[in-house]
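Colleague: Here is a sequence together with a model predicted from it:
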Amino acid sequence: SQTIHQWPATLVQPVGSPLSLECTVEGTSNPNLYWYRQAAGRGLQLLFYSVGIGQISSEVPQNLSASRPQDRQFILSSKKLLLSDSGFYLCAWSVEDRRVSAQHFGDGTRLSIL
Amino acid sequence: SQQGEEDPQALSIQEGENATMNCSYKTSINNLQWYRQNSGRGLVHLILIRSNEREKHSGRLRVTLDTSKKSSSLLITASRAADTASYFCATDAPGNQFYFGTGTSLTVIP
């Protein structure tokens, strides 16, 4: 069966520090991969998605970046965090495009910027 | 309103009662999906209904879709305390877009 792992579960970082969140999927090949951010009490905002190794599409211009160095690995990074980067970050995968296929989510990373 | 907007924002019911939440959207769609999110966790996919379908069932879940009114409803029958969660609808939109709504927070009181 397929599983998705996302870590760390919580993270407290000072403003201006770098960030690296990792997500890995097991049990499937060539998944579509997604990074979302969820503000408190709000819906999900898509940050990045990837349909293959090295293929990254950005939905929201900001100081975050994403990379897909391996088929089932998706990394969210920042060189310098801002206060506004605080939030709940979710990684997800789908077999097909998310518009026609269920997405499967990790348990998220709660990021607090001080 | 946004592409997907749930109503009500919050709902509190007694265990055993039925829970109904609604989703309205603005543009034509091909598919509509419902997800559940337990507090502090990731989303779990519940059901996908296509634009040519009017009703779909999965266990205690019943989803309807009315494309003429641009709305969908999610009914949870015989609710349990474990159904306490936030429920989101998600729709595609023209231009290869896809949106999640802001969710309905459901509390089932034992």
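Modeller: Now that the structure is in, tell me what you want to look at. Numbers count the residues shown, from 1 in each chain, chains lettered A, B, ... in the order given.
Colleague: Per-residue pLDDT of the closest residue to chain B within chain A, please?
Modeller: Sorted by distance to chain B under C-beta to the nearest C-beta, the residues of chain A start with residue A:105, at 3.2 Å. Bear in mind the C-beta positions are built from the backbone N, C-alpha and C, glycine included. For residue A:105, the model assigns a pLDDT of 97.
Colleague: what's the answer for residue A:71, then?
Modeller: The pLDDT attached to residue A:71 in the predicted structure is 96.
Colleague: show me the contacts for the residue nearest the centre of chain A.
Modeller: If you average the C-alpha coordinates of chain A and look for the closest C-alpha using C-alpha atoms, centre = their mean, you land on residue A:35, 2.8 Å from that point. Contact analysis of residue A:35 by C-beta atoms under 8 Å, 6 or more residues apart in numbering or on different chains lists A:21, A:23, A:46-49, A:66, A:74, A:76, A:89-91.
Colleague: Who is it paired with across the strands?
Modeller: Here residue A:35 sits in beta bridges with residue A:48, residue A:91, going by DSSP bridges.
Colleague: Then residue B:86?
Modeller: On the basis of DSSP bridges, residue B:86 takes part in beta bridges with residue B:37, residue B:105.
Colleague: Count the residues that sit near it.
Modeller: Residue B:86 has 21 neighbouring residues, counting by other C-beta atoms under 10 Å in any protein chain shown.
Colleague: of all of chain B, which residue lies closest to chain A?
Modeller: With distances taken as C-beta to the nearest C-beta, chain B approaches chain A most closely at residue B:42, which sits 3.2 Å away.
Colleague: my read: residue A:26 touches residue A:71, true?
Modeller: No: between residue A:26 and residue A:71 no contact is recorded; they are 11.0 Å apart, counting by C-beta atoms under 8 Å.
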